[in-house]
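Chemist: pasting the sequence and the predicted model now:
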Amino acid sequence: MRHPLRPIEGTPLHTTFLNRQALHLRPDPARVIVRPFKPATEPRDLNPTDKTRANHIVERVLNLDAEEAARQLADVLENFAGRHRNLLETFELRADEMEQALAAHCRFTSVQRQLIGAYFMNEYSFEASALFNPSIVSHPDQSGTPAGSLRFILSLRAVGEGHVSSLTFRTGTIASDGSIDVEPTVRLASSPQIRHLVPGPIGDEVELAFRPDHDISERVIFPVTASQSHGIEDARFVEFTDGGRKTYYATYTAYQGTAIRSELIETGDFISFRMSPLHGTAARNKGMALFPRRIDGKFAMIARQDNENLYLVYSDDLYRWEGGQVLLKPQFPWEFVQIGNCGSPIELEEGWLLLTHGVGPVRKYSIGAALLDKCDPSKVLARSSEPLLRPEPSEREGYVPNVVYTCGAIAHNDRIILPYAVSDTYSHFATMKVSALLQAMS
């Protein structure tokens, strides 16, 4: 049995292991997408015989003479030039929805269609408020990466107007010496095309696709289904290997406004995505994290069904999760309120490294760790009695004070690369030497 994680030679644990990088990712309100604007009543709920605000807007546009309509459209295009891709095409698609929903007898000219589409769109600054709760995985394309380096994809939770969360991405490189570089974002941002949507008894399954020629930092996954309508929160991405095939999965919290549940997103290339609801008693809460491979032929998750403890859950079906056994309970003062996982377990030679978060006095969030047996993850080999990471004085201020949090780290060479959020506002990076961590755990 290993001893609890402890500091070396009396040095405070969180300063012994951590090397904070001089790198911050902050929200940028200038990054915008266009979203449907729905005045008063959702178009799908409209009765064509009723007069609503939407009908009134359409009628006002149709009453413009051709010259004035063209002038108004030109003004819109000039005003928003360079801010979005394919605005006219976007307006046309939105006009299709309005034409079907509002009045069957109305048929729009090309200019009227585009102008009506513009009136039923609005810009949304998707990361105006926060850019936080990151997770990190290796990039599927490592071509041209220097020896000893690793290209990665970082997922982040972006929050904008109305506290609606969406999913956005960055790419970067971990150098052989552990230094981290994140590529700058491109100027534009865009939403994916909905290729397929299948209604289900507990939720919809959706297939999305971005254009391959759009930079990954341009891609924004905004809520699509009713269960996600108020947010796609805290995606925990993991590179999953099964029979030699690699797939990127992420569990996330779908927030409907009054209820939450766990859902799953999967992709092989970060261009096409499938989003599916998770079933079962173990999928009713937030904070699920998938192991990066099967264990004894079964899928395995770390979950938190009761808002307090961590559970180990197995399933023959990636989409149904039932029951589970308690794995970790709050034990140390910094986690007395509750504990949760901080992303998928990381496979080391010595076992599964599970990063955890704990909530202590004055709702202070810190990050700790546990080491699980590689063959039987229900066996806890070691556990941190003190946090690895806690809010520094410079990291305590933000939307939610006194919080450090991550949705997933990665092992590269001899280091753990830990992206983490600061006070639910912006994101930062730290690294830890695996050897030092394991030495303290032995």
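Modeler: That came through, no problem. Residues are numbered from 1 along each chain as shown.
Chemist: which ones are touching the residue nearest to residue 129 when sequence neighbours are not counted?
Modeler: Distances taken as Cβ to Cβ, 6 or more residues apart in numbering put residue 159 closest to residue 129, at 4.4 Å, once the chain neighbours are dropped. (Each C-beta comes from the backbone N, C-alpha and C, glycine too.) For residue 159, the contact set (Cβ atoms under 8 Å, 6 or more residues apart in numbering) comprises 27, 127, 128, 129, 130, 131, 132, 165, 166, 231.
Chemist: those in strands, which ones?
Modeler: Those of the contacts of residue 159 mapping onto strands are 130, 131, 132, 165, 166, 231, per DSSP state E.
Chemist: secondary structure element for the residue nearest the centre of the chain?
Modeler: Among the residues of the chain, the one closest to the centroid is residue 235, at 3.6 Å (Cα atoms, centre = their mean). Following DSSP states H and E, the helix or strand that holds residue 235 is strand 231-242.
Chemist: burial of residue 209, as a residue count?
Modeler: 14 (other Cβ atoms under 10 Å).
Chemist: same check, this time on residue 230
Modeler: 19.
Chemist: how far is the top helix by length along the chain from where the chain is centred?
Modeler: Longest helix of the chain, by residue count under DSSP state H: helix 87-102. Relative to its chain's centre, helix 87-102 lies at 29 Å (Cα atoms, centre = their mean, to the nearest Å).
Chemist: list the buried residues in it.
Modeler: Buried residues in helix 87-102, counted by 16 or more other Cβ atoms under 10 Å: 87, 90, 91, 92, 94, 95, 98, 99, 101, 102.
Chemist: give the other helices and strands that it contacts.
Modeler: Secondary structure elements in contact with helix 87-102, counted by 3 or more Cβ pairs under 8 Å, 6 or more residues apart in numbering; DSSP states H and E, are strand 32-36, helix 53-62, helix 110-119, strand 121-125.
Chemist: what angle do the second one and helix 110-119 make?
Modeler: Compare the direction of helix 53-62 with that of helix 110-119 by axes from the mean of the first three to the mean of the last three Cα atoms, to 10 degrees and you get 140 degrees.
Chemist: next structured bit after helix 53-62?
Modeler: Heading C-terminal from helix 53-62, the first helix or strand you meet, by DSSP H and E, is helix 66-79.
Chemist: and that following helix, what other elements does it pack with?
Modeler: Short answer (3+ Cβ pairs under 8 Å, 6+ apart): helix 66-79 packs on helix 110-119.
Chemist: any buried residues in the helix it packs on, and which?
Modeler: Neighbour counts over helix 110-119 (16+ other Cβ under 10 Å) mark 111, 112, 113, 114, 115, 116, 117, 118, 119 as buried.
Chemist: cool, and stretch 60-69?
Modeler: For stretch 60-69, by 16+ other Cβ under 10 Å, it's 61, 62, 64, 69.
Chemist: go ahead and confirm the first one touches residue 112.
Modeler: Yes: under the criterion of Cβ atoms under 8 Å, residue 61 makes contact with residue 112 at 6.2 Å.
Chemist: find residues that contact each of the two.
Modeler: By Cβ under 8 Å, 6+ apart, the residues touching both residue 61 and residue 112 are residue 69.
Chemist: what sits against residue 78?
Modeler: By Cβ under 8 Å, 6+ apart, the contact set of residue 78 is empty.
Chemist: and what of the one 4 residues further on?
Modeler: By Cβ under 8 Å, 6+ apart, the contact set of residue 82 is residue 187.
Chemist: for residue 374, what are phi and psi?
Modeler: Main-chain dihedrals, residue 374, degrees, to the nearest 10: phi -70, psi -40.
Chemist: ok, it to residue 296 distance?
Modeler: 12 Å (Cβ to Cβ, to the nearest Å).
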